[in-house]
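>>> here is my input; please provide its structure:
(one chain, ligands or ions: 2)
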Amino acid sequence: MTQPLLKLIDINKSFGTTDVLTDINLEVFPGEVLCLLGDNGAGKSTVIKVLSGFHEPTSGQVEVNGEPTVFKSPRDASEVGIATVHQFGGTFPLMTIGRSFFVGAEPLKGWGPFKRLDTRFAGEVAVREMQSLGITRITEGSRLVGGLSGGERQALAIGRAVYFGANVLILDEPTAALGVKEAAHVLRIIMQARQKGVAVILVTHNVTHAMTVGDHFAVLIRGVIADDFRKGERTREQITDLMAGGEAMAELEAEIEEYQRTHDGHVPAPGDLPANKSTA
Ligand SMILES: Nc1ncnc2c1ncn2[C@@H]1O[C@H](COP(=O)(O)OP(=O)(O)OP(=O)(O)O)[C@@H](O)[C@H]1O
Ligand SMILES: [Mg+2]
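Ligands and ions are numbered 1, 2, ... in the order given. Next comes the predicted model:
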């Protein structure tokens, strides 16, 4: 197998006295989708923030192409080709599509004090890149980002990452707020990036989405990698059970079965099951 693009070796991260990540080891290969799974608060976004230069690990080593590397800031990570679409925000609702596509890397027109953003060029490139990802309804780069749908915003962010030559694309819950069609579209875009040899790290709660696009999976439970496997090595049930959400679902299913067994097969009505049994 080729050398990993990115490697995390024994990464620990604490905030004050709270240990959020414990001995995280992960490898990310070009042309592969790594799915990071786990329940709320498991530490997924924190792993992403270490990989994107947002947080420095408390201890441990990050390697890029086999070279030990320290990211002091998100800029350091983006300079080695790591592009991150964070879970919350990241886009600027009052910016035009063109401007937001080039934010931080503005194509300039004119000379000296007359230099300004070439808005026409920026808009054209942004629209072209979004269209190449299948977002064909957007034809005007001068539209505001605030008017885009969730899926269109994701496409804008992903298109931007691919355009600027990202070799690692990190997506934190890109499909969480999307409808079925839009989510499918974002998954398709992920497959396109993968086909271009980009390494993709996908954070998701959705086992179906993960199983659709993932090559490699890591399940985080309370800051520890509880399981790490490749496509086909686990069943859907095993993956769901591994995520703490799976335990909760199994518990609910058991309660429903028990209710049906003791109530002539009737399904429970609201209020018939014990509420808030779990401590989560
Ligand atoms: N800056 C911080 N200071 C203190 N604690 C933090 C900080 N960032 C995250 N945490 C804690 O670390 C744990 C993991 O958070 P993280 O955001 O990585 O979880 P997550 O797996 O992304 O969850 P979700 O699925 O809800 O997005 C949580 O308990 C959170 O409260
Ligand atoms: Mg998160």
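>>> what number of residues lie near the residue in the chain that ligand 2 sits nearest to?
Closest residue of the chain to ligand 2, CB to the ion: Ser45 (3.1 Å). All C-beta atoms are positioned from the backbone trio N, CA, C, and that covers glycine. Ser45 has 19 neighbouring residues, counting by other CB atoms under 10 Å.
>>> got a pLDDT number for it?
On the pLDDT scale, Ser45 is placed at 93.
>>> surely it is in a strand?
No: going by DSSP: H, G, I helix; E, B strand; the rest coil, the assignment for Ser45 is helix, not a strand.
>>> so that it lines up with my notes, have the first residue be 15 from now on.
Got it, the first residue is 15 from now on, which makes the last one we talked about Ser59.
>>> just checking, it touches Ile215?
No: counting by CB atoms under 8 Å, Ser59 does not reach Ile215; the two are 11.5 Å apart.
>>> is the nearest residue to Asp286 once chain neighbours are set aside in a helix, a strand, or coil?
For Asp286, ignoring the flanking residues on the chain, the nearest one in space by CB to CB, 6 or more residues apart in numbering is Tyr273 at 6.4 Å. In three-state terms, and counting by three-state DSSP, Tyr273 is helix.
>>> who's in contact with Tyr273?
By CB atoms under 8 Å, 6 or more residues apart in numbering, the contact set of Tyr273 is His280, Val281, Pro282, Asp286, Leu287.
>>> I'd guessed the first one sits against Gln274; true?
This means His280. Yes: His280 is in contact with Gln274 according to CB under 8 Å; the separation is 6.7 Å.
>>> so the protein: which segments form each domain?
Taking automatic domain parsing as the reference, the chain has its domains at 20-106+182-194+202-246, 257-294.
>>> can you say which of those is packed in most?
The highest mean neighbour count among these, using mean count of other CB atoms under 10 Å, belongs to domain 20-106+182-194+202-246: a mean of 18.
>>> do that one and ligand 1 meet?
Yes: contact of domain 20-106+182-194+202-246 with ligand 1 (CB under 6 Å from any ligand atom) involves Phe29, Thr32, Val34, Gly52, Asn54, Gly55, Ala56, Gly57, Lys58, Ser59, Thr60, Gln101.
>>> and the fifth one, its phi and psi?
When read as degrees, to the nearest 10, the backbone of Asn54 gives phi -60, psi 130.
>>> got any ranges where the stretch 65-214 of the chain has weak pLDDT?
Scanning the stretch 65-214 of the chain with the threshold set as pLDDT under 70 gives 101-105, 120-122, 124-129.
>>> contacting residues around the nearest residue to Asp229 once chain neighbours are set aside?
Ranked by CB to CB, 6+ apart and with sequence neighbours excluded, the top spatial neighbour of Asp229 is Glu46, at 4.3 Å. By CB under 8 Å, 6+ apart, the contact list for Glu46 reads Arg208, Ala213, Val214, Asp229, His230.
>>> pull the CA atoms of stretch 243-263 into CSV?
Backbone C-alpha positions of stretch 243-263 (Å, rounded to 0.1, in the frame of the first residue of the first chain) are rendered in CSV as follows:
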residue,chain,number,x,y,z
PHE,A,243,-11.8,-1.5,10.1
ARG,A,244,-12.1,-1.6,6.3
LYS,A,245,-15.1,-1.8,4.1
GLY,A,246,-16.8,-5.1,4.3
GLU,A,247,-15.2,-6.2,7.6
ARG,A,248,-18.3,-5.3,9.8
THR,A,249,-22.0,-5.6,9.3
ARG,A,250,-24.3,-2.6,9.6
GLU,A,251,-25.6,-4.0,12.9
GLN,A,252,-22.1,-4.2,14.3
ILE,A,253,-21.4,-0.6,13.3
THR,A,254,-24.6,0.7,14.7
ASP,A,255,-24.1,-1.2,17.9
LEU,A,256,-20.6,0.2,18.2
MET,A,257,-21.8,3.7,18.1
ALA,A,258,-23.4,4.6,21.5
GLY,A,259,-26.5,5.5,19.6
GLY,A,260,-26.7,1.8,18.6
GLU,A,261,-26.9,0.8,22.2
ALA,A,262,-29.7,3.2,22.8
MET,A,263,-31.6,1.9,19.8
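>>> now it: mean pLDDT?
Averaged over stretch 243-263, pLDDT sits at 80.
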